[in-house]
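Student: Structural data only, the sequence is not supplied:
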């Protein structure tokens with residue numbers, strides 16, 4: 001895979017949520033919520049500030065992060081689904 005995000009964007013692989021079943025209720029895939037946790041696969045170089053300086057990214061490849069429920073754009077690369085979003089849409093790094 002050769003995907004390099006531009007500016008302050010990151011490429012995230014959403015982590016699958018653990019599925020818990022109670023009773024015999026089956027929830028279809030279309031009704032399930034999107035995961036809000038993922039692993040950063042690729043990071044852009046950073047954004048350029050108003051005075052022309054490069055502001056480096058605070059996250060790096062391999063970080064596990066939390067992001068907003070409806071953040072980012074879904075893309076499929078090599079039959080794998082990813083999200084591309086701005087660094088500002090990331091809420092926290094999970095350590």
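Tutor: Received, thanks. This one's a predicted model, so the numbers in the text were calculated from it and none came from an experiment. Residues are numbered from 1 along each chain as shown.

Student: how long is stretch 55-73 from one end to the other?
Tutor: 23 Å (CA to CA, to the nearest Å).

Student: quick check: mean pLDDT across it?
Tutor: Across stretch 55-73, the average pLDDT comes to 94.

Student: just stretch 8-23 next, same as before
Tutor: The pLDDT scores in stretch 8-23 average 79.

Student: ok, what's across the strand from residue 67?
Tutor: residue 90 (DSSP bridges).

Student: That one is in contact with residue 93, isn't it?
Tutor: No: the pair residue 67 / residue 93 is not scored as a contact, 10.7 Å apart, by CB atoms under 8 Å. Backbone N, C-alpha and C define where each C-beta goes, glycine included.

Student: Those two - which one has more neighbours?
Tutor: For the pair residue 67 and residue 93, the greater number of neighbours falls to residue 67 (21 against 13), based on other CB atoms under 10 Å.

Student: OK, contacts around the more buried one?
Tutor: By CB atoms under 8 Å, 6 or more residues apart in numbering, the residues touching residue 67 are 12, 36-38, 83, 85, 89-91.
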